[in-house]
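>>> Pasted the sequence and its predicted model underneath.
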Amino acid sequence: MNVLVLVEDDGDLSLQAVALAQTLGTTTAVRFDGTYAPAAWARDLAGRGWDALVGPGSDRGNEVLAHVAAQLDLPFAANVIEVRGDEVTRQRWGGTLLEEARVHAERKVFTSAPFAFAPAAELPHVESVTPELGDAVRVAEHLAPDTGGKVSLADAKVVVSGGRGVASSEGFAIIEELAALLEGAVGCSRVVTSAGWRPHTDQVGQTGTKVSPDLYIACGISGATQHIAGCKGAKKLLAINADPEATIFAHADYAVIGDLHEIVPAISAELRKARRT
Amino acid sequence: MRAAKPTERFDDIPRRVKNEATIVLGQKKLLQRLLPGVMHALIFWGFLVLFPTIVMAMIAAVNREWSLPWLGSQGWFMALVDVFILCVLAGIALAVWIRKILRPARFDGSHLGEADLILGMIALVVLTLLGWHAARIAAGLNEWPASASFLSNALSNVIPAPRISERVFDWAHVLVILSFLVYLPYSKHLHIATAAVNVFFSRTRRRGRLEPLRFDLPDEELRLGVGTIGDLTWKEMVDSLSCTECGRCQDVCPAYATGKELSPKLVIMGIRDQLFAEGPNLLAGGELSPIVGNGVPEEMVWDCVTCGACVHECPVSIEHIDHIVDLRRDLVMMKSSFPQEAESMLRDVERVGNPWGKPQGDRASWAADLGVRVLEEGEEPPEVLYWVGCAAAYDERAREAAESTAKLLQHAGVDFAILGAREACTGDPARRMGNEYVFQAYAAQNVATLNEASVTKIVASCPHCLNSLANEYPDFGGRYEVMHHTQLLAELLREGRLAPVAGDEEITYHDSCYLARHNDVREEPRELVSAVGRPVEMPRNGKRTFCCGAGGAHMWMEERGAPINEERVREAAETGAETLAVACPFCTVMLDDGVRASGRQLRVVDVSTLLAERL
C-alpha cells in the first residue's frame, strides 16, 4: 500500500503519525511551508496519488485531513489507535470512549491519536511543499486577547478574589491593591458579578474562569461548590473569612478568621514594609 | 405531516381515551383557570350541542321544507339549543371582558386582532342561528312546538317579513360558517381540529421522560434533535398546529416571569410559522433554514429550566420541553453551539462522571464517619439502595440531606447501602443541555452497575436522579422501584419507625419541579413537614410550583435577567415562615443563595434534616 503521511515537524505527534503510516505500507512524507491554510494544503494532498493518507492527531492534522476527506468525499477516521484492515479502533469524546468502526472506502484517511503509537525513530524522506494558496482561507495573524496590560486571570501566578464579604464595588479597592502588590489578578465569586460589583470576566468558578495560580487568596468567599470548581487547581489556597464555619476553610491551606477589611490592608502594609527594607 | 419524523405514541390507548374525555370533553386543563376556563367551556359545550343545527341550516338552505329527520322536530332539543345559544353568548361576553377589560399579560405576543375576528364570527354564527329560528317560528315553518323555544319564540314577534327573513338568516348563518371554515386553516382557530388529536397523543405516563434518540440508525434516518422543520416529529408538528396563543404557558414560565427572552408560547408559534413558511419546501425536498435564529431566537432555547410548568398548564397538551430539548440537541451535538460557561460541566460529566470535576474516589467520603455500607462488587444487594447523587455527595450544603437521610434510615433499621465510587452522574444535566450521547453512555453504565448488583429498590435524594432512574432508565434496560427519600421517610413515619417530636415552628415547603410536577410527589414531603412543624403554603405550590432556577442544567449556566431564586425566596419569605423546607439538593443551593443575596432571615433546609433534628 502506498501511504502518504503529513508531518508538521519532527515532534512526537508527527513521529507517531509516521509510526502508524509505516504499519500500513510504504511511507513517504510531505510537509508544508508558509502560512497555515488548511483548505489549500488539503487541495494539494487530495491531488496526490495515495492509498492511505495519515496525519498527526493534532488540531492542524485533524483539520487538514478533514478538508481532504470532504474534498474527495471519503470517510475520515480521526484519532485512530489501531488499524486492522478495514477496521479501526479510534478515540471519541476526548478519549473517554473507544469506537470500533469499519471504513467503507478503498482510500483511507486517518489521523493517529496522540500518544497511541510509539514514535518512529526518525522521519522518512520528507518533501517540502509550498502550496498554491489561491483563494483558500489562511491564518494571517494570531492575536492574544487584550488584557489591558494586566496579568490575565487564567495565567496569573497569584489571584486575589473577593466575595460577598467585600460588600461593595468600592470594597474591591483593597483587593486590587493587594493583587497589584503581588503582581496578580483580581478574581471574584458569582455573587459579586450578580450584584454588578465586578464584570463577569473576573468571575472564578464553575461558570466563570478556571484558575490554577500558585496562590489563591479568597477574601470573604464562603466556598460554594460552584466557586471551588474554579479554583481547585490552585497550588495553595489562603482563605480570609469572618465566619469560622465557612466551607472555604475545608479547602484552604491557610486560614485567617477575621474581617477582610482589616486583614487585607494589613497584608498589603506588611508587603510594602518588607519591600522597602 | 407526511415528511415528519416518527415517534411512538400509540401505546396505552385506554389512558389516551380517558385524557380525551377529561381534557377535551371535560375541559379539565382549561378549567385550571376559572374565568377563562368557564368562558371556553360555555362556547365549547355550546357548539357540541349546536352542531346538528348547522346541518339543519344547510339542509334548509337547499329546501326550506326540509330538516333533519326526528331531531329537527324535537321540542326538548330546540329548548336546549336556546339554552346553549345563551351559553355561547355569555361565553363571548366573558371573552370580550377578559380581552378588552382585564387584558392579561399572557396575551403579549399573541395575534389579538385574529382573536377578535374569531370571536366576532362565533357571535355571528349563534346570532344568525337565533334569528333563523325566530323567523322560522314567525313564518310558521317550525317543525317543533314553538313554545319549546323560549327565546326564539319570544323574538319571533319582532321579525319583519318572516318568509324573507327566514331565507336571509338561514343563508347568512350558512355563509358565516362556510367562511369560518375557509379561514380556519389560516388561523390559530385551527385548534378546534388539532387540539383533540394532540391531547390524544400526548404523554400518558412517565411525564418527566425525554424521548431517547437512537444512534444506531442508518444516516438517512438518524435524527440528532431538531435543526430544521424537517427534523420535527409528527407530534411536534401537531403541537405547533394546536397552539391557540392563549399564553398560559408564558404566564407560568419562571424564565419569562424574571424578564428573560423565553416565552414557551413564542417558541411554539415560531416553530409553527416556520413550518407553514417552509412546509412546501420540505415536501419538495428543498433547502430548509435552521429554526434557531429564524423562528426561535437562540436565547430562548437556553433560558428554559425544563420545569414543566408550561406543559402542565397547556390546555391542548403541547409538550414544550420536547421542542426546546430537541433544539438544544441539534445545537450541542451538530453545531457545538451552547453557552460557553456550561462547557466545563459537560466536559466534567463526560470525563469524571460528575458536573464539578471532583474525584470519583471522594464520592462516599460524606458517609465515612456514619458507618454506611458501601455495596462492593459481588456482595448481596441491600433491601434498598440509596442513590446519593453528585450534589449530595460533593456539595457541602447539599450533603447535609444525605447525612440526615442516612441517619434516619439507620435509626429506623432499614437495610440500605450506597454504591460509593461505582455510582456515576445519571447524565441528567448533560441530557437536559442537549448532549444525549453522554447521557446514554451514563445510562448504559449505571444500568449495568445496578443490574449486576441485582438492585430492585432505589431511594434517591435528588429529584433529577429520581426522574432519570425511574422514568428514563427503563428505556435502557433498567427497571427498578424508585422512590424519593421523602416517600420512604413518610412510609417509615406512618409505620411508626420514625417518631419525631412535633413542633410549632412555621415551615413553608418548596416543591421541586422534578418531584411535584414531573413525578407527582407532593403529599409525602408535606406529611413530614406536618410531623415537625406548622406548614404554611406559598401561593405557587404543588403542581403549580415555581422553579428555583437550577433545572434544565441551569445550575451550570449564567442567568440573564432577574434571578429566579430570589423571586422564589421573596415568595417564601412573604409567608412569614422562618424555615424554607426543600427536598432537592439543587433547590437547597439555589434558594440558600437567594436567601443570602436578598439578606432575608430564612433557613433553607432539607425535609430530612428537619426530621433528623427532631428524633
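Yep, it's here. Numbering: from 1, shown residues only, chains lettered A, B, ... in the order given.

>>> Where does pLDDT dip in the stretch 401-550 of chain B?
Per-residue confidence for the stretch 401-550 of chain B (pLDDT under 70) gives no ranges below the cut-off.

>>> Now residue 254: closest residue in space, sequence neighbours ignored.
No chain in the question, so chain A it is. A:Leu238 (4.3 Å; Cβ to Cβ, 6 or more residues apart in numbering or on different chains). (C-beta placed from N, C-alpha, C; glycine too.)

>>> hmm, I had chain B in mind actually
B:Cys547 (4.4 Å).

>>> and that neighbour, what does it touch?
B:254, B:305, B:307, B:309, B:513, B:564, B:568 (Cβ atoms under 8 Å, 6 or more residues apart in numbering or on different chains).

>>> Just the CA trace of stretch B:148-168, in PDB.
Once side chains and other backbone atoms are set aside, the C-alpha atoms of stretch B:148-168 remain, and they are given as PDB (Å, rounded to 0.1, in the frame of the first residue of the first chain):
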ATOM      1  CA  ALA B 148     -90.300  24.900  23.500                       C
ATOM      2  CA  SER B 149     -88.000  27.600  22.000                       C
ATOM      3  CA  PHE B 150     -88.500  30.100  24.800                       C
ATOM      4  CA  LEU B 151     -86.000  32.600  23.300                       C
ATOM      5  CA  SER B 152     -86.700  32.200  19.600                       C
ATOM      6  CA  ASN B 153     -90.400  32.200  20.200                       C
ATOM      7  CA  ALA B 154     -90.300  35.500  22.100                       C
ATOM      8  CA  LEU B 155     -88.200  37.000  19.400                       C
ATOM      9  CA  SER B 156     -90.500  35.800  16.600                       C
ATOM     10  CA  ASN B 157     -92.900  38.600  17.300                       C
ATOM     11  CA  VAL B 158     -90.400  41.300  16.200                       C
ATOM     12  CA  ILE B 159     -89.300  39.600  13.000                       C
ATOM     13  CA  PRO B 160     -90.400  41.600   9.900                       C
ATOM     14  CA  ALA B 161     -91.400  39.900   6.700                       C
ATOM     15  CA  PRO B 162     -90.900  36.400   8.200                       C
ATOM     16  CA  ARG B 163     -90.700  34.400   5.000                       C
ATOM     17  CA  ILE B 164     -87.900  36.600   3.600                       C
ATOM     18  CA  SER B 165     -86.100  37.000   6.900                       C
ATOM     19  CA  GLU B 166     -86.100  33.200   7.300                       C
ATOM     20  CA  ARG B 167     -84.200  32.900   4.000                       C
ATOM     21  CA  VAL B 168     -81.800  35.800   4.900                       C
END
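
>>> Chain B contacts on the stretch 151-277 of chain A?
A:164, A:191, A:194-195, A:200, A:206-208, A:210, A:222-226, A:228-229, A:232, A:247, A:250 (Cβ under 8 Å from any Cβ of the partner chain).

>>> Report the buried members of these.
Applying a neighbour-count criterion of 16 or more other Cβ atoms under 10 Å in any protein chain shown, the buried members of these are A:164, A:191, A:194, A:206-208, A:210, A:222-226, A:228-229, A:232, A:247.

>>> From B:Ile98, how far out is the residue positioned nearest the centre of chain B?
For chain B, the residue lying nearest the average C-alpha position, counting by Cα atoms, centre = their mean, turns out to be B:Val311 (1.6 Å). Per Cβ to Cβ, to the nearest Å, B:Val311 is found 23 Å from B:Ile98.

>>> repeat for B:Ala146
In this structure, B:Ala146 and B:Ile98 are 36 Å apart, going by Cβ to Cβ.
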